[in-house]
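**Student:** what's the 3D shape of this:
(4 chains)
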2 protein chains.
Amino acid sequence: MKKNPAFPTSIEEFLEQGEQYYLPHLSIDCVVFGFHDGHLKVLLLQLSNTNEWCLPGGFIQHTEPVDDAAVRIVFQRTGLRNIYLRQFYAFGDPSRQRGKDKLQMPKGAKPNSWIMKRFITIGYWALVEFSKAVPIPDQFSSQCGWVNVTKIPRLILDHNSILDKALQSLRISLNDYPVGKDLLTEKFTMPELQRLYETILNKKLDRRNFQKQILSLEILERLKEKKQGGAHKSPFLYRFDGRKYQLALKKGLRASFA
Amino acid sequence: MKKNPAFPTSIEEFLEQGEQYYLPHLSIDCVVFGFHDGHLKVLLLQLSNTNEWCLPGGFIQHTEPVDDAAVRIVFQRTGLRNIYLRQFYAFGDPSRQRGKDKLQMPKGAKPNSWIMKRFITIGYWALVEFSKAVPIPDQFSSQCGWVNVTKIPRLILDHNSILDKALQSLRISLNDYPVGKDLLTEKFTMPELQRLYETILNKKLDRRNFQKQILSLEILERLKEKKQGGAHKSPFLYRFDGRKYQLALKKGLRASFA
DNA sequence: ACAAAAGTGTTAACCGTACACCCATGA
DNA sequence: TCATGGGTGTACGGTTAACACTTTTGT
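**Tutor:** Numbering: from 1, shown residues only, chains lettered A, B, ... in the order given. Predicted coordinates:
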């Protein structure tokens, strides 16, 4: 066995020697959600060799906790740390294999290379603040960017179903996790928060009832300032109250969006 | 590489050559729930060499869907097929490794044998009809039997937390899956069903409200017969109405137990 | 006859939903 | 001044939670 640095130093070494660094047959795929301009978006990569789209993903180092691997992967694609991540499902069909999807790795990954084998992938979704994220392609991709969840193209392998399942999981999570803190800027208006929930749930909500539901969680702080500049009446700005927020999370909150 | 039959033919071959048959670093652990005598129980194994307790588990064959592997594992430990199974979480801490828990495989598994490596395990819970299950130890265990969930001993590795998380997941699932069909005998009384829910939720429920909630799902059929023999007033027998049951599951039912 | 368990119905509290009015702002 | 969006409050209806009485059965 050859010398074993912490990370592969080239694509070639990665393809040839990946098993030295990573657990074989195992990957992580991340559905990174962002919210911008009234739309829910996810981070997608476009592969350099085939122009196909896929979810950002990666592998698990031999002594690395799986959760840490997910954190690392999101960091590598967005430059962001301290991200809210949730594991939602492990996908284990034997057809999850690059060869079966007519996918080839670039520049001659050997057909029996570790990366062409069957992979079981653990799905995580992540919430990031759109404006702070800097999408960075990985070594196999020509671009990394935000795509509106309503306009997802065909993705490789079973990545479309992974994305679907992530979205389902996110919807359910609205009831025990107030996603606004992670997806919006520090200060935001009630209509903005509502729009966020509406795009996640893909349905219209009543303005007044929404406000009551959210405020009843008692995790928001209304600021004196109002949002200036928009047409029409200026909405108040809100911010999550750090202390109350942590307390509520610890106690476990329960909303009922559906 | 040697000849590759479908399964290892001995414990020795299993320990030495397991990677020929199974995906390395990956396992499945199953929390098999049963209900008997008014108590919620889980299937546990006692290891022959150390007398420690653990959850029934197993490995994934190279071309086997993960879900199928879980089905196979439950079948091997209970003799039952067509079991309701749900994947609930993947546990991926690097300390999940037999060496780190002072665990040795019997009869000289080599320290660097595949089975001593780090494992990521995918957790499933299963619901089985207690009276039909025939607990069968695996090749490493001296016994396989039912243990009351309130009396779980210390288990190997992180199996205690796996069990906890399975129970949490089961509780949440009460709201979209009527577990009674799988856990009770074909005919059962309303008090029995209530007791089942109470032990899962670990709280008392109101008799009358419980009955209303359950009946409002419209998946039960009340039989003319009553349960004879008990002291006190004879309760009616119920049975799940196969057609209505399937329909309700397809439409997606929604209760609110908590 | 009595205790214990089971069947059934009623009421009050709460919550989700629907809805109306007023106000601020830029065009 | 008008259209649009935002802030606020109320009333209805359905669901959940609390609760009481009667019936059956074995002792």
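
**Student:** so which bits of the stretch 51-200 of chain A are right by DNA strand D?
**Tutor:** Proximity of the stretch 51-200 of chain A to DNA strand D, by Cβ under 7 Å from any atom of the strand, involves residues A:189, A:190, A:191. (C-beta placed from N, C-alpha, C; glycine too.)

**Student:** count of neighbours near residue A:53?
**Tutor:** Taking other Cβ atoms under 10 Å in any protein chain shown as the neighbour definition, residue A:53 ends up with a count of 20.

**Student:** correct me if wrong: it contacts residue A:44.
**Tutor:** Yes - in this structure, residue A:53 sits in contact with residue A:44. The criterion is Cβ atoms under 8 Å, and the distance is 5.1 Å.

**Student:** separation between the spatially closest residue to residue A:56 that is not a sequence neighbour and residue A:32?
**Tutor:** Counting by Cβ to Cβ, 6 or more residues apart in numbering or on different chains, residue A:56 lies nearest to residue A:77, which is 4.5 Å off, once chain neighbours are set aside. Distance from residue A:77 to residue A:32, counting by Cβ to Cβ, to the nearest Å: 7 Å.

**Student:** quick check: neighbours shared by those two?
**Tutor:** With contacts defined as Cβ atoms under 8 Å, 6 or more residues apart in numbering or on different chains, the residues adjacent to both residue A:77 and residue A:32 are A:43, A:56.

**Student:** and what about residue A:63, helix, strand or coil?
**Tutor:** Residue A:63 falls in the coil class when you classify it by DSSP: H, G, I helix; E, B strand; the rest coil.

**Student:** not counting its neighbours along the chain, what's nearest it?
**Tutor:** For residue A:63, the nearest residue in space outside its immediate sequence neighbours is residue B:94; the separation is 4.9 Å by Cβ to Cβ, 6+ apart.

**Student:** show the contacting residues for that neighbour.
**Tutor:** A:62, A:63, A:64, A:65, B:118.

**Student:** residues in contact with the helix or strand containing residue A:67?
**Tutor:** When secondary structure is defined using DSSP states H and E, the element that contains residue A:67 is helix A:66-78. Surrounding helix A:66-78, the residues in contact under the criterion Cβ under 8 Å, 6+ apart are A:28, A:30, A:32, A:43, A:45, A:56-61, A:64, A:80-81, A:83, A:85, A:87, A:122, A:124, A:126, A:128, A:133-136, A:138, A:144, B:90, B:92-93, B:120.

**Student:** for chain A, longest strand please?
**Tutor:** Identified as the longest strand of chain A according to DSSP state E is strand A:26-36.

**Student:** what bridges to residue A:237?
**Tutor:** Bridge pairing for residue A:237 (DSSP bridges) gives the partners residue A:189.

**Student:** who are the contact partners of it?
**Tutor:** With contacts taken as Cβ under 8 Å, 6+ apart, residue A:237 has the following neighbours: A:187, A:188, A:189, A:222, A:223, A:225, A:226, A:227.

**Student:** just name the closest of those to residue B:149, please.
**Tutor:** Using Cβ to Cβ, the shortest approach to residue B:149 within those belongs to residue A:188, at 43.8 Å.

**Student:** near DNA strand C, which residues of chain A are found?
**Tutor:** By the rule Cβ under 7 Å from any atom of the strand, the part of chain A lying against DNA strand C is A:206-209, A:212-213, A:226, A:228-234, A:256.

**Student:** and which of those is nearest to residue A:154?
**Tutor:** Distance to residue A:154, by Cβ to Cβ, is smallest for residue A:256 among the residues of chain A next to DNA strand C, at 34.6 Å.

**Student:** beta partners for the residue of the stretch 101-250 of chain A at minimum distance from chain B?
**Tutor:** Using Cβ to the nearest Cβ, the closest approach of the stretch 101-250 of chain A to chain B is made by residue A:122 at 5.1 Å. Judged by DSSP bridges, the bridge partners of residue A:122 are residue A:28, residue A:90.

**Student:** and for it, the neighbour number?
**Tutor:** A count of nearby residues for residue A:122, using other Cβ under 10 Å, gives 26.

**Student:** residue contacts, it?
**Tutor:** With contacts taken as Cβ under 8 Å, 6+ apart, residue A:122 has the following neighbours: A:26-29, A:66, A:70, A:87, A:89-91, B:90, B:92, B:120.

**Student:** turn the residues you listed into TSV, columns for neighbour count and pLDDT.
**Tutor:** Formatted as TSV, the entries for the contacts of residue A:122 read as follows, by neighbours: other Cβ atoms under 10 Å in any protein chain shown; pLDDT from 0 to 100:
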residue	neighbour count	pLDDT
A:26	22	98
A:27	21	98
A:28	27	98
A:29	24	98
A:66	22	98
A:70	27	98
A:87	18	98
A:89	21	98
A:90	23	99
A:91	20	98
B:90	24	99
B:92	26	96
B:120	22	98
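
**Student:** which ones among the residues of chain A next to DNA strand C lie within strands?
**Tutor:** Residues from the residues of chain A next to DNA strand C lying in strands, with DSSP E as the criterion: residue A:226.
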